[in-house]
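1. Just to be clear, the model below is a prediction. Sequence and coordinates:
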Amino acid sequence: MTNCLVVGRPNVGKTMFCVNFAEFLGLHRLEVYYQLPDGTTRQRKYDIPSARHELSGLGLHKTRSLQSIQLDLPGGKGVRKFTLTDSTGLTDGIHPDRDLRESMAQTLAELQQANCILHMVDLGEIVKTGGLKPLGELDFQIAELGAYKSGYALLANKSDLPEAKKGMQILREEIGDLRILPVSALYRKGFREVKEYVWRLV
Ligand SMILES: Nc1nc2c(ncn2[C@@H]2O[C@H](COP(=O)(O)OP(=O)(O)OP(=O)(O)O)[C@@H](O)[C@H]2O)c(=O)[nH]1
Ligand SMILES: [Mg+2]
């Protein structure tokens, strides 16, 4: 089954996207399958408002493991199934917290495996720093890896921010015709385009 991994720096909106996209696809309850860095797994059920409240939020590194949900993608002639996996935010360099290092290593391993990569960046941060490269090597490297994968899209999140248009311009100049989809995870903007994109992969 196609596994779509949502990957990116901490706080860019990965978890908000996963919860709201699942709701957009018609889910009222989420069954989240946790794969912890120590190899153990567990499962928890949430309704959508409590998932939003408990799983996403301000502060870096809210998500500390791989968290998957199974989703149905309704389309032309029926339904296709895929897995949407949220991940621990990646940072440049070696993180001082050992647990976080392990969960980032887990994200990186999944990045090699996934057949669909939804690489998320924060348009506000892009404008603040001046682009992907000034943010650090990390995003640029994921985008470069994406250039070799058929299932790669850059999700430019927080498109609701006033500076978002400028951010999109910067991204387009920087990575050219790589697939860039503007979204607002918070306000569910651009979700139809993501759905159509994923539909072609599953
Ligand atoms: N303005 C705006 N804020 C957003 C959007 N998406 C997420 N946020 C906010 O960004 C913050 C981080 O959201 P999360 O979904 O927890 O981010 P994350 O990437 O999962 O963060 P980690 O798990 O720490 O790596 C929260 O305060 C969200 O409300 C968006 O589209 N627009
Ligand atoms: Mg998160």
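-> Perfect, I can see it now. Numbering: from 1, shown residues only. Ligands and ions are numbered 1, 2, ... in the order given.
2. Residue 193 reaches residue 181, doesn't it?
-> Yes. With contacts counted by Cβ atoms under 8 Å, residue 193 reaches residue 181, the gap being 5.3 Å. Every C-beta, even on glycine, is put in place using the N, C-alpha and C of the backbone.
3. The two - which one has more neighbours?
-> Using other Cβ atoms under 10 Å, the more surrounded residue of residue 193 and residue 181 is residue 181, with 18 against 14.
4. Just confirm yes or no for the host helix or strand of the more buried one near ligand 1.
-> Assigned by DSSP states H and E, residue 181 belongs to strand 180-182. No. Using Cβ under 6 Å from any ligand atom, strand 180-182 never reaches ligand 1; the gap is at least 10.0 Å.
5. Would you mind pulling the contact partners of that strand?
-> Under the criterion Cβ atoms under 8 Å, 6 or more residues apart in numbering, residues 123, 153-156, 159, 164, 168, 171-172, 189-190, 193-194, 197 lie in contact with strand 180-182.
6. Quick check: next helix or strand after it?
-> helix 191-201.
7. Give the buried residues for that following helix.
-> 191, 194, 197, 198, 201 (16 or more other Cβ atoms under 10 Å).
8. Stretch 66-75 now?
-> Using 16+ other Cβ under 10 Å as the test for burial, stretch 66-75 gives 66, 67, 68, 69, 71, 73.
9. With only the CA atoms kept, save it in CSV.
-> The C-alpha coordinates for stretch 66-75 follow below in CSV (Å, rounded to 0.1, in the frame of the first residue of the first chain):
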residue,chain,number,x,y,z
LEU,A,66,6.0,7.9,13.4
GLN,A,67,2.2,8.2,13.6
SER,A,68,0.2,6.6,10.9
ILE,A,69,-3.4,6.6,9.9
GLN,A,70,-5.2,4.5,7.2
LEU,A,71,-7.2,6.6,4.8
ASP,A,72,-9.6,6.0,1.9
LEU,A,73,-9.2,8.2,-1.1
PRO,A,74,-12.5,8.6,-2.9
GLY,A,75,-12.2,9.2,-6.6
